[in-house]
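Asks: Predicted structure and sequence below. I'll ask about it afterward.
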Amino acid sequence: MRGLWKLTMTAVACSVRHSPFRLYSGRPPAPLGARILSNTDDIFQHNMWDHVKWSPEKYEQARQKAEENSREQIPIEDQVRYDRDANMYWNGFYEMHQNKFFKNRQWLFSEFPELLPQGYESDHSSWGQESGVTDLSSQGGCHKDLLIDHPVLGEQQQHSTSNSAVKSHNSVAFPGQHASFRILEVGCGAGNSVFPIINTIRESNAFLYCFDFSSRAIQLVKEHPDYDPAVCHAFVQDVCDDASLFPFPLESLDVILVVFVLSSIHPKRMQGVLNHLAGYLKQGGIILFRDYGRYDLSQLRFKKGQCLSENFYTRQDGTCVYFFTKDEVHQLFTNAGLEELQNLEDRRLQVNRGKKIVMHRVWMQSKYRKP
């Protein structure tokens, strides 16, 4: 079992021979880094290697493992509680781990420069130089050349300026109504994206909304010393409840951040969630997405009896996770009326240098715009 995700040096060498890239040193640039392994002697020099190519044998091995651990599924009558009691499981998660389970996502601004208003310059250029973020270790600072004259941001900002005063609902006051650039984070948890964003936009004309359906998570966000109601509004909400209203009007958001949250939702609910969110984007607004990819290490580690449905599992703590393909991501977002700007499969080697173990990680990263 363990041999499936521990990569032998022979397998690594095979992957390297098929890679056309050279080895880069230093902080990897966006998108998805450029720390490429071209010499197997260097494998333990870093914690993560980018753009890893899988051999057909490796892919088939992973497929067989996922097929094996999903063969025995949890009975339908027992699956109901994982959907019905999801907020209870996540409350339990945050009650146990508080805000110490995940590291702050300082990589956000190198991979997602769209999070900042056009032309805004951040002084957090040193952020992200330390590796070690498990959901994305290819870190980077807030590069000014990514923020100024950005082709996507340029078009988006034109729409943002014309829509900064939302026409139909602005007679009713709402948090952040005076901001000309509005961001929403879906499923913010304990604030691992919230606080890097808050600390970057304080002196800008931007405002951040963030919500989670775990009341404990939102409590942790509001108790954090960096939480600032002048630039952020945190609230409890279930994104699957499309009957409940957000505290801001339709077509009022420039950016929606959906990072490692859609995978926790039942696959049958995902399309409805994205359709609902898309209605709150301005014309030209963008959804930024990152989540687990098919045959990621964490999928292959599941045991028999933890599968709810194809590629959808429950963890020991009752929280759930789905593993996406590029085609699935594209279909979900385009069915919500959005157009693709980026849809990438991020394959990496995660290295435990102390134990001399190499593991395959797979994530999806996408950007979709409202035409």
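Replies: Cool, got the structure. Residues are numbered from 1 along each chain as shown.

Asks: Residue 217 should be in a helix, yeah?
Replies: Yes: counting by DSSP: H, G, I helix; E, B strand; the rest coil, residue 217 is part of a helix.

Asks: what's the burial count for it?
Replies: Residue 217: 27 surrounding residues under other CB atoms under 10 Å. C-beta: built from backbone N, CA, C; applies to glycine.

Asks: I'd assumed residue 194 was in contact with it.
Replies: No: look at residue 217 against residue 194 with CB atoms under 8 Å: they stay out of range, at 10.2 Å.

Asks: Quickly list what's touching both of those two.
Replies: Counting by CB atoms under 8 Å, 6 or more residues apart in numbering, the shared contacts of residue 217 and residue 194 are residue 188.

Asks: what are the ranges of the strands in this structure?
Replies: For the chain, the strands defined by DSSP state E occupy 48-49, 181-186, 206-212, 232-236, 253-259, 281-292, 307-309, 312-314, 320-322, 339-352, 357-369.

Asks: For residue 339, give its distance to residue 209.
Replies: The gap separating residue 339 from residue 209 is 24 Å, by CB to CB, to the nearest Å.

Asks: Looking at those two, which is more packed in?
Replies: Neighbours around residue 339 and residue 209, counted as other CB under 10 Å, are more numerous at residue 209. The numbers are 26 against 11.

Asks: where in the stretch 1-150 of the chain is pLDDT low?
Replies: The model of the stretch 1-150 of the chain has pLDDT under 70 over residues 1-30, 37, 39-42, 44-48, 85-95, 97-106, 121-150.

Asks: cutoff 90 now
Replies: Low-confidence segments of the stretch 1-150 of the chain (pLDDT under 90): 1-55, 74-110, 117-150.

Asks: Also the stretch 201-350 of the chain?
Replies: Residue ranges of the stretch 201-350 of the chain with pLDDT under 90: 203, 213-217, 241-245, 314-320, 348-350.

Asks: Try it again at 50.
Replies: Applying pLDDT under 50 to the stretch 201-350 of the chain flags no residue at all.

Asks: Dig out what residue 73 forms beta bridges with.
Replies: residue 307 (DSSP bridges).

Asks: Report the contact partners of it.
Replies: Counting by CB under 8 Å, 6+ apart, residue 73 makes contact with 307, 308, 309.

Asks: What's the ChimeraX line that selects buried ones from those residues?
Replies: A single ChimeraX command is used to select the members of those judged buried by 16 or more other CB atoms under 10 Å:
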select :307,308
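
Asks: how about the contacts of residue 73 in CSV, adding distance to residue 221?
Replies: Below are these laid out as CSV (distance: CB to CB, whole Å):
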residue, distance to residue 221
307, 32
308, 29
309, 31
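
Asks: Looking at the contacts of residue 73, which is nearest residue 69?
Replies: Residue 69 lies nearest to residue 307 out of these, by CB to CB, at 6.4 Å.

Asks: and the closest one, how far is that from residue 72?
Replies: Residue 307 is 7 Å from residue 72, by CB to CB.

Asks: Scan this protein for its longest helix.
Replies: Criterion DSSP state H: the longest helix present in the chain is helix 56-69.

Asks: Tell me the helices and strands packed up against that one.
Replies: On a contact count with 3 or more CB pairs under 8 Å, 6 or more residues apart in numbering; DSSP states H and E, helix 56-69 meets helix 2-5, helix 297-300.

Asks: circling back: from the contacts of residue 73, pick the one nearest residue 83.
Replies: residue 308 (9.0 Å).

Asks: Determine the number of other residues adjacent to residue 357.
Replies: Per other CB under 10 Å, the neighbour tally for residue 357 reads 14.

Asks: And the pLDDT at it?
Replies: With respect to pLDDT, residue 357 has a value of 79.

Asks: is it true that residue 54 touches residue 348?
Replies: No: using CB under 8 Å, residue 54 is not in contact with residue 348, being 11.2 Å away.

Asks: how about the nearest residue to residue 333, chain neighbours excluded?
Replies: Sequence neighbours aside, residue 368 is the residue nearest to residue 333 in space, at 4.2 Å (criterion: CB to CB, 6 or more residues apart in numbering).

Asks: Could you pull out the buried residues of stretch 172-185?
Replies: Neighbour-count burial for stretch 172-185 [16+ other CB under 10 Å]: 175, 176, 177, 179, 180, 181, 182, 183, 184, 185.

Asks: can you redo these as TSV with distance to residue 270 and pLDDT?
Replies: Below are these laid out as TSV (distance: CB to CB, whole Å; pLDDT from 0 to 100):
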residue	distance to residue 270	pLDDT
175	27	94
176	27	95
177	30	95
179	29	96
180	31	95
181	27	97
182	24	98
183	21	98
184	17	98
185	17	97
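
Asks: Closest one of these to residue 276?
Replies: residue 184 (11.8 Å).

Asks: More neighbours: which of residue 54 and residue 348?
Replies: The residue with more neighbours, out of residue 54 and residue 348, is residue 348; 25 against 18, by other CB under 10 Å.

Asks: which residues pair with the more buried one across the strands?
Replies: residue 361.

Asks: I'd like the numbering to begin with 7 instead of 1 from here.
Replies: Yep, numbering from 7; the last one is residue 354 now.
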